[in-house]
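Peer 1: can't give you the sequence, but here's the structure:
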């Protein structure tokens, strides 16, 4: 599990919740790469939405989505 720190407490809590959900999905994926990638995409989308809603930096989440092959991030 990786933790991203933000000065914005709401965004920080949203990131933590998204990371917990991603870790749970990883455990359920049992090594299935498609499921792991899907969990990463859900995580990045949640982080991006939170960053936008809380006026935090969005570039790292947009970059992550692009690296995962998601267009229009």
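Peer 2: Cool, got the structure. Just so you know, these numbers come straight off a predicted model, no measurement behind them.
Peer 1: tell me the SS of residue 6?
Peer 2: For residue 6, the assignment made with DSSP: H, G, I helix; E, B strand; the rest coil gives coil.
Peer 1: Apart from its chain neighbours, what residue comes closest to it?
Peer 2: Distances taken as Cβ to Cβ, 6 or more residues apart in numbering put residue 12 closest to residue 6, at 4.5 Å, once the chain neighbours are dropped. Where you see a C-beta, it was placed from the backbone N, CA and C, and this is true even at glycine.
Peer 1: Give the other helices and strands that the helix or strand hosting that neighbour contacts.
Peer 2: In the assignment (DSSP states H and E), residue 12 maps to helix 9-29. Under the contact criterion of 3 or more Cβ pairs under 8 Å, 6 or more residues apart in numbering; DSSP states H and E, helix 9-29 touches helix 33-53.
Peer 1: just the angle between the helix it packs on and helix 9-29, please?
Peer 2: 170 degrees (axes from the mean of the first three to the mean of the last three Cα atoms, to 10 degrees).
Peer 1: what residues does helix 33-53 touch?
Peer 2: Defining contact as Cβ atoms under 8 Å, 6 or more residues apart in numbering, one finds that helix 33-53 is touched by 4, 10-11, 14-15, 17-19, 21-22, 25-26, 28-29, 56-58, 61-62, 64-65, 68, 70, 73.
Peer 1: helices or strands up against the following helix or strand past that helix?
Peer 2: Going down the chain from helix 33-53, the next helix or strand is helix 59-67, by DSSP H and E. With contacts taken as 3+ Cβ pairs under 8 Å, 6+ apart, helix 59-67 sits against helix 33-53.
Peer 1: Tell me how far the helix it packs on lies from the chain's centre.
Peer 2: Distance of helix 33-53 from the chain centroid (Cα atoms, centre = their mean, to the nearest Å) equals 4 Å.
Peer 1: mind listing what's buried in that helix?
Peer 2: Neighbour-count burial for helix 33-53, with 16 or more other Cβ atoms under 10 Å as criterion, is recorded at 39, 40, 41, 43, 44, 45, 46, 47, 48, 50, 51.
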